[in-house]
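# sequence plus predicted model, see below.
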Amino acid sequence: MRMALRFALAASAALLTLGVAQAQEKTVRIGTEGAYPPFNNLTADGKLEGFDVDIAQALCDEMKVKCEFVAQEWDGIIPALQAGKFDAIIASMSITPERLKQVDFTRKYYNTPPAIAAPKDTDIKGVTKEDLAGKTIGAQASTTHFNYSTATYTDSTVKPYPTAQEYQLDLANGRLDAVNDDIVVLSQWLDTPEGACCKIVGAIKPVEEIHGPGAGIAIRKGETELAEQFNAAIDAIRANGKYKEINDKYFKFDVYGD
């Protein structure tokens, strides 16, 4: 009888060990753009780096799964998720009503405001519709910043760009009067030699219907278990200090927001 009990306990322990091993071996494929520093960027040797990438890795570690990163152009990132190219998008994607029609989201993992940048000798004094009337404004296409610009700056020309780097180049070369993007992205670009041409004109007060409550992790519709795992992991890294460690690597303030 005792032999049978010991055998049963040993078998249970073996199954538990196997289950843990299988969980550790599970791979979650993460899609990110790789063209939006400091949040995500693709280095010259093809390595993905940035805040989004480090946060994704920390979340995978917390969930006891292996992260596999996939670089994907922004315009096709939601269709690629829906097609199964990866399991989640961690790419500074704002949680918006329009996107919620196509994908589900976790809670936010950061929230920073948008802003307007312009050349240092600009005559633009603020960020209102009137301030930018008659100006040509650049913004990355299919983003909340582009959507806000087209909805708000109706007396301006709003020009879409595939990536942030491309509008930055046109602003630096005098082909744009201003650009609209996340204040962190703009500020860090302005600190580079390429961005020395320009300055922040002002921050924009986010509009909930356009900007949403922050950047979240997008997953396919109905995959609630994965969303819950990510939410629990976000809470965990906020509580155990890992989030702050990553945050402080890139920023001088807490980008999680209120």
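Okay, I see it. Bear in mind the structure is a predicted one, so any value in this text is a computation, not a measurement.
# which residue is nearest the middle of this structure?
The structure's the chain has its C-alpha centroid closest to residue 92; by CA atoms, centre = their mean the separation is 1.1 Å.
# make sure I have this right: it is in a helix.
No: read with DSSP: H, G, I helix; E, B strand; the rest coil, residue 92 is strand and lies in no helix.
# ranges for the helices of the stretch 101-250 of the chain?
144-152, 164-172, 183-190, 208-211, 224-240, 242-250 (DSSP state H, counting those that start in this stretch).
# any buried residues in the second one, and which?
Okay, so that is helix 164-172. 164, 167-168, 171-172 (16 or more other CB atoms under 10 Å). Yep, even glycine has a C-beta here, placed from its N, CA and C like the rest.
# from residue 91, how far off is the residue nearest to residue 34 when sequence neighbours are not counted?
Closest residue in space to residue 34, ignoring its immediate chain neighbours: residue 42 at 3.5 Å, by CB to CB, 6 or more residues apart in numbering. Going from residue 42 to residue 91 by CB to CB, to the nearest Å gives 12 Å.
# if I look at residue 192, how far off is residue 199?
13 Å.
# neighbour-wise, which of these two wins?
Just comparing residue 192 and residue 199: by other CB atoms under 10 Å the higher neighbour count belongs to residue 199, 16 against 10.
# torsion angles phi and psi at the spatially closest residue to the more buried one that is not a sequence neighbour?
Nearest non-adjacent residue to residue 199, counting by CB to CB, 6+ apart: residue 120, 5.2 Å away. Dihedral pair for residue 120: phi -60, psi -30, per degrees, to the nearest 10.
# neighbours around residue 120, how many?
Residue 120, neighbours per other CB under 10 Å, totals 9.
# show me what contacts it?
197-199 (CB atoms under 8 Å, 6 or more residues apart in numbering).
# which residues of the chain fall in strands?
Taking DSSP state E to define them, one finds strands in the chain at 27-32, 35-36, 40-42, 48-49, 66-71, 88-94, 104-110, 114-119, 136-140, 157-161, 178-182, 198-203, 215-219.
# list the contacts of the fifth one.
Contacts of strand 66-71 with the rest of the structure, by CB under 8 Å, 6+ apart, involve 24-34, 42, 48, 53, 56-57, 60, 80, 85-86.
# neighbour count winner among residue 42 and residue 91?
Shown here are residue 42 and residue 91; by other CB under 10 Å, residue 91 has more neighbours (25 against 17).
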